[in-house]
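Visitor: from the sequence below, what's the structure:
(one chain, ligands or ions: 1)
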Amino acid sequence: MPVFVENPAEFSKQRLKSELISHNVALPPAGSDKHVYLEVYMKHVATKNSADFSSDEEEEVRNGNEEEERGEDSDEDSDMVDLSSLTDDQLKRKLLQYGVKAGPIVATTRALYERKLHRMMTQHSQHSVNNKEDAGKYSDSEEEEGEEQYSESEQLGSESVSHTDRSVTHNTVTVTDVLMEMFPDTATTPTGITATKRRSIKGAAGRPVQFKYPETPLSPGTLEKLEIQQRLVPLWVQVAVFLLVVAFLYFIYMLTEEPPENPFGALLQKAIRIPTVSFSESHQNTSALQEFDRLLKRGYPCNCKLSFIYWSLSVFPTIFSSSLVKHEVVENYSHLFTVSGSDPELVPYMLLAHIDVVPANETDGWEVPPFSAEELNGFIYGRGTLDNKQSVMGILQALEYLLERGYVPRRGFYIGLGHDEEINGYAGAVNTVKLLKNRGVKLQFLVDEGLAVLDGIITGLDGPAALIGVSEKGHATVKLSVSMKPGHSSMPPKQSSIGILAAAITRLEENPMPRLFGSGPERSTFEHLAHKFGLPLRFIMSNLWLFNPLISRVMERKPDMNAFVRTTTAVTMFNSGVKVNVLPSHAEAYVNLRIHSAQTLQEVLELFESTVSDDRVKVELMNGFDPLPISSYDERSFGFQVIKKTVLDMFPEVTVAPGLCVGNTDSRHYTSLTKDIYRFNPSWFKPGDPQRFHGINERISSKNYEEIVLFYFRLIQNCDIKNLPPSHTSQHDL
Ligand SMILES: CCCCCCCC/C=C\CCCCCCCC(=O)NCC(=O)O
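Guide: Numbers count the residues shown, from 1 in each chain. All right, here's what the predicted structure looks like:
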């Protein structure tokens, strides 16, 4: 086994001391220099060691001892033997001493190994010289400081050294120093441990400063770590970003709305939930009207946990941003939209609807709160679902969809949304008309609320009928009042003010206005529908001139049919009395009359007074107007035919007929702008539904609301034809 021969000259003073002690050799006097220790060691220990080597290693030992005895210079000389005289084994061992593990040494490789060994020995001798010089530099002065800088290298064997990356100059091993290559300016020590000079740690005025070692070279690992650290975002930034992300996600969660089951209906529901009630001509829920304004312009309140937030976007973003649409507010709460058409020669038309509703009390028997817009069994319930927010939202939603799809109408049109239709429209509709008149606007036709698709309402009719209101009844609101002296209830007169008034009202109810069925537009209704009745009704309806009295008597039994038979008389308000033991000084009642087309307001008032026929009862006309003119509904009637085609496009099974609108609408204020006013939207009425108007449980099916949107969507497009095509039959396609 090869023996690694150490050079005692390279031992530290401490090592030499230890060696002497372990060999029971008396130490030199304390404070002696290293060379004194070395001399003693060489004399007593080295000699002894050489004698202990086994014969197996005789040659190496002998060489080693000779080298040690002669010192380094002689050692180098002795190594520079004639390499050719060495046996193959000796050459191999010698190479191994220099850290070269030789392969098989044969005739062809021997010269190569000899050259290699020679080169190694030459390099070694040069290093040894340098090492001695270096050893001088580190000398006793360091030892005197007590730093054992070399102890580690002294204990290294050849194998362990060959695996280190430290640069160690040894008598037998030379290993390339990687650190030396990387940090050429760094002083090298035999251990590879670099001692750095201590610096004063002072800042200005002697204050401690943060450690900073600009000249200290850093290891590649440290540099890499530093580089990574520089690339890393500071911790506080990471924490801040994390918190921001969490806050943002929480905000999104709070804003998350339940996706509406029915996106069409969801918008109508939002409109229904705003109680835009007209209580009387002097009392409206104006804050609700303002809220409705916000719904249209700014969007709707977030239906989420942050309901105070309004979506900044309108529910109709395209309408409110389109260059084709001009939006104006009239009298604070009504809205006028002007939609430009690409063909200025086409006379514009107008779509009307109203935002306000009549009051509703849950206690009257509503299945759900009247402004909750709850959906039950496919129906959205709420005040305004039939009268008339379904048209308001339906028209706007249709226009929104058209504009979204890039549609540019050829025929311009207006959309008027009144805010006081339920109290006569004197602010909204009247002022909108003024505005348009001042602009010289003339309308081809106008479509407002009114009649509907009646399904099962008209007894005996086969299939549904869409009645387009070509007129509406006149109106009169009459106030009846009786005044008497007040007094003690214990001494009442024969008739109280309340009794006198009640008697007058009783006479009015017992003596309804005359039957006029067949002499107004309702006649046309039944003529159009006659072919859809089965026998014998078909025969009867086809000969109204003969069967009028009979039909009238049948129809008058039902309130909704009676409305077509005559001018109706409804006592709607009755006020009297202040205390239970005080005779009322005053009693008053309001009677609302809807005047049949075959009568005038004046005629009705005369009949009314003759029926009251009591001088103690004062009769005052509060407001009133004649029945509206009858709009055209023949084959050349553009408006009627366009509406009819649109209805048939959507509901081919429906029979379309002109009708009489028994209620009153804002459209009556528009007679100066057009002669053709139609009252219709495709709400489907089944038995019981007409009673929901101003009644309880007003509702519309979600499906029907979608149909209403689609109706306006198609109507707007159908209006773009210039003229009606020539017709050959009673029904033509546009
Ligand atoms: C053969 C004819 C069958 C007729 C069936 C009648 C169905 C009528 C359905 C609804 C009533 C129409 C109401 C019209 C809109 C009324 C708007 C309104 O309330 N205006 C205020 C007012 O009139 O006081």
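Visitor: any stretches of the protein with poor pLDDT?
Guide: Applying pLDDT under 70 to the chain flags the ranges 1-6, 47-81, 126-220, 255-261, 299-313, 727-734.
Visitor: and the residue of the stretch 251-400 of the chain found nearest the ligand, how many neighbours?
Guide: Closest to the ligand within the stretch 251-400 of the chain is D387: 5.5 Å, counting by C-beta to the nearest ligand atom. Heads up, the C-betas are built off the backbone N, CA and C, glycines and all. Applying other C-beta atoms under 10 Å, we find 22 residues neighbouring D387.
Visitor: what sits against it?
Guide: 357-358, 449, 693-694, 698 (C-beta atoms under 8 Å, 6 or more residues apart in numbering).
Visitor: what about it, distance to Y678?
Guide: For D387, the distance to Y678 under the criterion C-beta to C-beta, to the nearest Å works out to 17 Å.
Visitor: list phi and psi for the residue of the stretch 251-400 of the chain closest to the ligand.
Guide: phi -140, psi 80 (degrees, to the nearest 10).
Visitor: over to V25?
Guide: For V25, the backbone dihedrals (degrees, to the nearest 10) come out as phi -100, psi 140.
Visitor: that one contacts V45, doesn't it?
Guide: Yes - using C-beta atoms under 8 Å, V25 makes contact with V45 at a distance of 6.3 Å.
Visitor: specify which residue of the two has the higher count of neighbours.
Guide: Remark: of V25 and V45, V45 carries more neighbours, 18 against 15, as counted by other C-beta under 10 Å.
Visitor: once you drop chain neighbours, what's closest to that one?
Guide: Leaving aside its sequence neighbours, V45 sits nearest to H23 (C-beta to C-beta, 6 or more residues apart in numbering; 4.7 Å).
Visitor: and for A452?
Guide: Using C-beta to C-beta, 6+ apart and skipping the chain neighbours, the partner closest in space to A452 is S683 (4.4 Å).
Visitor: burial check on the one residue in the stretch 601-734 of the chain that gets nearest to the ligand, number of neighbours?
Guide: Across the stretch 601-734 of the chain, the shortest distance to the ligand (C-beta to the nearest ligand atom) belongs to G663, at 2.6 Å. When counting by other C-beta under 10 Å, one arrives at 17 neighbours for G663.
Visitor: residue contacts, the nearest residue to G624 once chain neighbours are set aside?
Guide: In space, and not counting its chain neighbours, G624 is closest to A476: 3.6 Å by C-beta to C-beta, 6+ apart. Contact criterion C-beta under 8 Å, 6+ apart gives 592-593, 595, 601, 604-605, 608, 621, 623-624 as the residues in contact with A476.
Visitor: chain center to the helix or strand containing A476: distance?
Guide: With elements delineated by DSSP states H and E, A476 resides in strand 474-483, which encompasses its position. For strand 474-483, the gap between its own C-alpha mean and the chain's C-alpha mean amounts to 55 Å (C-alpha atoms, centre = their mean, to the nearest Å).
Visitor: neighbouring strands for that strand, and are they parallel or not?
Guide: strand 586-595 (antiparallel), strand 618-625 (antiparallel) (DSSP bridges).
Visitor: any residue of the longest one up close to the ligand?
Guide: Spelled out, it's strand 586-595. No - looking at strand 586-595 against the ligand by C-beta under 6 Å from any ligand atom, there are no contacts, and the closest approach is 7.5 Å.
Visitor: and D560, how many neighbours?
Guide: A count of nearby residues for D560, using other C-beta under 10 Å, gives 18.
Visitor: actually V447, not the one I typed
Guide: The number of residues packed around V447, counting by other C-beta under 10 Å, is 29.
Visitor: next: F251.
Guide: For F251, using other C-beta under 10 Å, the count is 11.
Visitor: spell out which parts of the stretch 551-700 of the chain neighbour the ligand.
Guide: Proximity of the stretch 551-700 of the chain to the ligand is assessed by C-beta under 6 Å from any ligand atom, with 560, 564, 661-665, 685, 690, 693 identified as the residues in range.
Visitor: list buried residues within those residues.
Guide: With burial judged by 16 or more other C-beta atoms under 10 Å, the buried subset of these is 560, 564, 661-665, 685, 690.
Visitor: and the residues you listed, which two are furthest apart?
Guide: N664 and F685 (18.2 Å; C-beta to C-beta).
Visitor: for this protein, which residues are neighbours of the ligand?
Guide: For the chain, the residues in contact with the ligand under the definition C-beta under 6 Å from any ligand atom are 387, 422, 449-450, 454, 457-458, 525, 560, 564, 661-665, 685, 690, 693.
Visitor: P687 is in contact with I458, isn't it?
Guide: No - P687 lies out of contact with I458 (C-beta under 8 Å); the separation is 10.2 Å.
Visitor: and those two? Which one has more around it.
Guide: Legend: neighbour count by other C-beta under 10 Å for P687 and I458, higher for I458 (21 against 12).
Visitor: SS state for that one?
Guide: Three-state assignment for I458 (DSSP: H, G, I helix; E, B strand; the rest coil): coil.
Visitor: could you do D448 as well?
Guide: Of the three states, D448 takes strand under three-state DSSP.
Visitor: how close does A570 sit to M513?
Guide: For A570, the distance to M513 under the criterion C-beta to C-beta works out to 11 Å.
Visitor: what do the two both touch?
Guide: Residues touching both A570 and M513 comprise L593, with contact defined as C-beta under 8 Å, 6+ apart.
Visitor: these two - which one has more neighbours?
Guide: When A570 and M513 are compared on other C-beta under 10 Å, the one with more neighbours turns out to be M513, at 21 against 12.
Visitor: I'd say the more buried one and V591 touch.
Guide: No - no contact is recorded between M513 and V591 when judged using C-beta under 8 Å, the distance being 11.6 Å.
Visitor: now list whatever residues contact both of those two.
Guide: T569.
Visitor: which strand residues bridge the residue nearest to G624?
Guide: According to DSSP bridges, beta-bridge pairing links A476 with L593, G624.
Visitor: the helix or strand where I498 lies - contacts with which helices or strands?
Guide: When elements are assigned from DSSP H and E, I498 belongs to helix 497-510. In this structure, helix 497-510 makes packing contacts with strand 474-483, strand 568-576, strand 586-595, helix 601-612, judged by 3 or more C-beta pairs under 8 Å, 6 or more residues apart in numbering; DSSP states H and E.
Visitor: could you check the very next helix or strand once past it and say which residues are buried?
Guide: Remark: after helix 497-510, the chain's next helix or strand is helix 522-529, criterion DSSP H and E. Neighbour-count burial for helix 522-529, with 16+ other C-beta under 10 Å as criterion, is recorded at 522-526, 528-529.
Visitor: still on that earlier bit, list the residues that contact both of P687 and I458?
Guide: Between them, P687 and I458 share no neighbouring residue, with contact defined by C-beta under 8 Å, 6+ apart.
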